[in-house]
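Enquirer: I would like to see how this sequence folds:
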Amino acid sequence: MEVKTGFEDRKARVEFLPLIDVVFLLLVFFVYAMLSMVVHRGIEVSLPTGGSAQVSRKDYVNITIDAQNQISVDGVIVTLNQTVSQVKSAMLLLAGDDQQIPIFIAGDQASDLGISLKVLDRLRGAGYKTVSFELEQESP
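Expert: Next comes the predicted model:
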(Lines give C-alpha, C1' and ligand atoms only; values in the text may rest on other atoms or scores of the structure.)
Protein backbone atom coordinates (compact mmCIF):
# COMPACT_ATOMS: atom_id res chain seq x y z
CA MET A 1 0.00 0.00 0.00
CA GLU A 2 1.28 3.41 -1.01
CA VAL A 3 1.02 6.22 1.54
CA LYS A 4 0.35 9.74 0.24
CA THR A 5 2.18 12.44 2.19
CA GLY A 6 1.21 15.40 0.04
CA PHE A 7 4.87 16.05 -0.77
CA GLU A 8 4.46 14.63 -4.25
CA ASP A 9 1.91 17.26 -5.24
CA ARG A 10 4.04 20.26 -4.27
CA LYS A 11 5.53 22.42 -6.99
CA ALA A 12 9.01 23.94 -6.82
CA ARG A 13 9.08 27.63 -5.92
CA VAL A 14 11.68 30.35 -5.57
CA GLU A 15 12.20 31.80 -2.11
CA PHE A 16 12.69 35.56 -2.37
CA LEU A 17 13.97 36.42 1.10
CA PRO A 18 17.42 34.87 0.63
CA LEU A 19 17.54 36.35 -2.86
CA ILE A 20 16.87 39.84 -1.49
CA ASP A 21 19.68 39.39 1.05
CA VAL A 22 22.13 38.37 -1.66
CA VAL A 23 21.18 41.30 -3.89
CA PHE A 24 21.56 43.72 -0.98
CA LEU A 25 25.02 42.36 -0.16
CA LEU A 26 26.07 42.70 -3.80
CA LEU A 27 24.82 46.28 -3.83
CA VAL A 28 26.79 47.13 -0.68
CA PHE A 29 29.90 45.48 -2.10
CA PHE A 30 29.76 47.43 -5.38
CA VAL A 31 29.04 50.76 -3.67
CA TYR A 32 32.00 50.21 -1.35
CA ALA A 33 34.23 49.19 -4.27
CA MET A 34 33.19 52.27 -6.25
CA LEU A 35 33.90 54.62 -3.35
CA SER A 36 37.33 53.09 -2.77
CA MET A 37 38.28 53.88 -6.38
CA VAL A 38 37.82 57.64 -5.99
CA VAL A 39 40.95 59.45 -7.11
CA HIS A 40 42.28 61.96 -4.63
CA ARG A 41 44.23 64.67 -6.39
CA GLY A 42 46.46 66.71 -4.17
CA ILE A 43 48.52 66.66 -1.05
CA GLU A 44 47.16 66.11 2.44
CA VAL A 45 46.81 69.44 4.24
CA SER A 46 45.03 70.65 7.34
CA LEU A 47 42.23 72.83 5.96
CA PRO A 48 40.72 75.73 7.89
CA THR A 49 37.07 75.39 8.84
CA GLY A 50 34.14 77.49 7.72
CA GLY A 51 30.40 77.52 8.34
CA SER A 52 29.34 77.96 4.72
CA ALA A 53 31.52 75.22 3.23
CA GLN A 54 29.77 73.33 0.43
CA VAL A 55 30.68 70.00 -1.13
CA SER A 56 31.21 69.83 -4.89
CA ARG A 57 31.42 66.48 -6.71
CA LYS A 58 32.19 67.72 -10.23
CA ASP A 59 35.52 67.76 -12.05
CA TYR A 60 37.83 70.44 -10.78
CA VAL A 61 41.42 71.59 -10.71
CA ASN A 62 42.99 71.28 -7.27
CA ILE A 63 45.72 73.72 -6.19
CA THR A 64 47.31 72.73 -2.88
CA ILE A 65 49.51 74.94 -0.72
CA ASP A 66 51.19 73.00 2.06
CA ALA A 67 52.59 74.23 5.39
CA GLN A 68 55.96 75.05 3.75
CA ASN A 69 54.19 77.26 1.14
CA GLN A 70 54.92 74.75 -1.62
CA ILE A 71 52.36 74.93 -4.46
CA SER A 72 51.08 71.87 -6.34
CA VAL A 73 48.50 71.68 -9.12
CA ASP A 74 46.73 68.29 -9.20
CA GLY A 75 49.69 66.74 -7.41
CA VAL A 76 52.40 68.32 -9.60
CA ILE A 77 54.71 70.62 -7.62
CA VAL A 78 55.13 74.00 -9.34
CA THR A 79 56.51 77.46 -8.60
CA LEU A 80 54.30 80.54 -8.34
CA ASN A 81 55.25 81.54 -11.91
CA GLN A 82 54.35 78.10 -13.30
CA THR A 83 50.95 77.93 -11.57
CA VAL A 84 48.83 79.46 -14.37
CA SER A 85 50.47 77.38 -17.12
CA GLN A 86 49.97 74.17 -15.11
CA VAL A 87 46.31 75.10 -14.48
CA LYS A 88 45.86 75.62 -18.23
CA SER A 89 47.35 72.17 -18.86
CA ALA A 90 45.02 70.62 -16.28
CA MET A 91 42.03 72.40 -17.83
CA LEU A 92 42.92 71.05 -21.27
CA LEU A 93 43.03 67.53 -19.86
CA LEU A 94 39.63 67.90 -18.18
CA ALA A 95 37.51 69.79 -20.68
CA GLY A 96 39.44 71.29 -23.54
CA ASP A 97 39.26 75.08 -23.76
CA ASP A 98 36.41 75.42 -21.25
CA GLN A 99 37.46 77.83 -18.48
CA GLN A 100 34.30 77.21 -16.44
CA ILE A 101 35.70 74.21 -14.57
CA PRO A 102 36.04 75.18 -10.90
CA ILE A 103 39.46 75.70 -9.38
CA PHE A 104 39.85 74.97 -5.67
CA ILE A 105 42.73 76.33 -3.62
CA ALA A 106 43.38 74.13 -0.59
CA GLY A 107 45.73 76.00 1.71
CA ASP A 108 47.11 74.48 4.88
CA GLN A 109 46.31 76.40 8.07
CA ALA A 110 50.03 76.85 8.69
CA SER A 111 50.71 78.31 5.21
CA ASP A 112 51.05 82.04 4.62
CA LEU A 113 47.97 83.91 3.48
CA GLY A 114 50.08 85.94 1.08
CA ILE A 115 50.99 82.98 -1.14
CA SER A 116 47.32 81.99 -1.42
CA LEU A 117 46.35 85.52 -2.42
CA LYS A 118 49.17 85.66 -4.99
CA VAL A 119 47.93 82.43 -6.56
CA LEU A 120 44.36 83.78 -6.56
CA ASP A 121 45.51 87.07 -8.12
CA ARG A 122 47.43 85.31 -10.89
CA LEU A 123 44.50 83.06 -11.70
CA ARG A 124 42.07 85.98 -11.81
CA GLY A 125 44.55 87.89 -13.99
CA ALA A 126 44.63 84.94 -16.40
CA GLY A 127 40.83 85.09 -16.74
CA TYR A 128 39.74 82.29 -14.42
CA LYS A 129 36.60 83.39 -12.57
CA THR A 130 35.56 80.13 -10.86
CA VAL A 131 38.27 80.09 -8.18
CA SER A 132 37.34 79.16 -4.61
CA PHE A 133 39.10 78.32 -1.37
CA GLU A 134 38.53 74.85 0.03
CA LEU A 135 37.36 74.59 3.67
CA GLU A 136 36.31 71.86 6.04
CA GLN A 137 32.79 71.95 7.46
CA GLU A 138 32.66 73.32 11.01
CA SER A 139 31.36 70.83 13.53
CA PRO A 140 28.55 72.23 15.71
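Enquirer: low-confidence ranges in this structure?
Expert: 1, 38-58, 96-99, 139-140 (pLDDT under 70).
Enquirer: quick one, helices of it?
Expert: Ranges of helices in the chain, per DSSP state H, are 16-36, 83-95, 113-125.
Enquirer: Okay, domains of the chain per the record?
Expert: 7-36, 49-137 (automatic domain parsing).
Enquirer: most tightly surrounded among the ones you listed?
Expert: Each of the domains of the chain was scored by mean neighbour count; the highest is domain 49-137, a mean of 15, by mean count of other C-beta atoms under 10 Å. For glycine as for every other residue, the C-beta is placed from the backbone atoms N, C-alpha and C.
Enquirer: That domain: how far from the chain's middle?
Expert: Put simply, domain 49-137 sits 14 Å off its chain's centre (C-alpha atoms, centre = their mean, to the nearest Å).
Enquirer: Any idea which of the helices of the chain gets closest to V73?
Expert: V73 lies closest, by C-beta to C-beta, to one member of the helices of the chain: helix 83-95, at 4.1 Å.
Enquirer: what packs against that closest one?
Expert: Judged by 3 or more C-beta pairs under 8 Å, 6 or more residues apart in numbering; DSSP states H and E, the packing partners of helix 83-95 are strand 61-65, strand 71-73, helix 113-125.
Enquirer: Is it possible to get JSON lines of those that adds distance to Q100?
Expert: Below are the helices and strands packed on helix 83-95 laid out as JSON lines (distance: least, C-beta to C-beta, whole Å):
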{"stretch": "strand 61-65", "distance to Q100": "11"}
{"stretch": "strand 71-73", "distance to Q100": "18"}
{"stretch": "helix 113-125", "distance to Q100": "14"}
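Enquirer: what's the closest of these to I101?
Expert: Closest approach to I101 among the helices and strands packed on helix 83-95 is made by strand 61-65 (6.3 Å; C-beta to C-beta).
Enquirer: Name every strand pairing with that closest one and say which way it goes.
Expert: strand 71-73 (antiparallel), strand 103-107 (parallel) (DSSP bridges).
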